[in-house]
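need coordinates for the following:
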Amino acid sequence: MRLGVNIDHIATVREARKTYEPDPVKGALIAQDAGADQITFHLREDRRHIQDEDVLRLRCTIKRIPLNMEMAPTEEMKKIAIDVKPERVTLVPEKREEVTTEGGLDVVSMKDYLEKYIKELRKNNISVALFIDPEEDQIDASLQVGVDAVELHTGEYANASTDIKRKKELERLKKAAKYAKEKGLDVFAGHGLTYTNVQPVASIMEIEELNIGHSIIANSIFWGLEEAVRKMKKLILEARREL
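Numbers count the residues shown, from 1 in each chain. This next block holds a predicted model:
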């Protein structure tokens, strides 16, 4: 299983003071050297953390592993993606007032728009994934618009207030992952995953990749970023070995 390390919150700390440190590109290099399989970043419309200059510097600096650019499906973001050419774009919903992404993209209601939008990205040799809730109708719609992969939103699982609810959400993820894989899609997952809750999701055989940011960056304050990445990768690999 691959680990994508999301570096957004390195930039969040920097933007708190509008200064030059900590540098998310330096963080991406450390994560790469520590065993990350991919660098993930979200260029938001409001530029609250990652900035355009960061994106250009990431493209020039990260060479050994892929870049995964999370973005809203807007014309502005499409132009940036085509110029920068990350290995993958993951389309996500975005609201200006939200603290972080609150749910999956509603592909069902945006099918016609997304089909044209995705076609242009793929024409430019950019792989496309959709960040969706673990629901069969969203998976079916994702297949219809011509994407390569879906990333299942794990927020409901991560934020479950009881063991019963957490178990129910885990079963929902398992069912969705299996369904998507049977339909021929690559299956990824992410959102709200931590050192204490990641292994049950990592144990879902059909999921090939996890994208994790906040927990890794938060714990890097205590452990250092290199160790934080290594510990997360170790937990994921342990879960896979038990399958």
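
for this protein, give me the ranges with low pLDDT.
For the chain, applying pLDDT under 70 flags the ranges 95-102.

hey, where'd the helices end up in the chain?
Remark: helices assigned in the chain by DSSP state H are 8-17, 24-33, 52-61, 75-84, 111-123, 136-144, 155-158, 163-182, 198-202, 214-223, 225-241.

and the end-to-end length of stretch 149-158?
From its first residue to its last, stretch 149-158 covers 22 Å (CA to CA, to the nearest Å).

for the closest residue to residue 87 other than its chain neighbours, what are phi and psi?
Excluding its sequence neighbours, the residue lying closest to residue 87 (CB to CB, 6 or more residues apart in numbering) is residue 66, at 3.6 Å. Every C-beta, even on glycine, is put in place using the N, C-alpha and C of the backbone. Backbone torsions of residue 66, given as degrees, to the nearest 10, read phi -70, psi 160.

so residue 66 makes contact with residue 89?
No - contact criterion CB atoms under 8 Å: residue 66 and residue 89 do not qualify, at 11.2 Å.

the two: who's more crowded?
residue 89 (30 against 15; other CB atoms under 10 Å).

identify the residues contacting that one.
For residue 89, the contact set (CB atoms under 8 Å, 6 or more residues apart in numbering) comprises 68, 69, 70, 71, 81, 121, 126, 127, 128, 129.

who does it bridge with?
residue 69, residue 128 (DSSP bridges).

any idea which residue is closest to the centre of the protein?
residue 211 (4.3 Å; CA atoms, centre = their mean).

could you measure that one against residue 116, distance?
Look at residue 211 and residue 116: by CB to CB, to the nearest Å, they are 26 Å apart.

just residue 162 next, same as before
42 Å.

let me see the contact set for residue 58.
Residue 58 sits next to 24, 25, 28, 39, 41, 67 when contact means CB under 8 Å, 6+ apart.

of these, closest to residue 53?
residue 25 (9.4 Å; CB to CB).

show me the contacts for that closest one.
54, 57, 58, 61, 62.

among those residues, name the buried ones.
Buried residues within the contacts of residue 25, counting neighbours by 16 or more other CB atoms under 10 Å: 54, 57, 58, 62.
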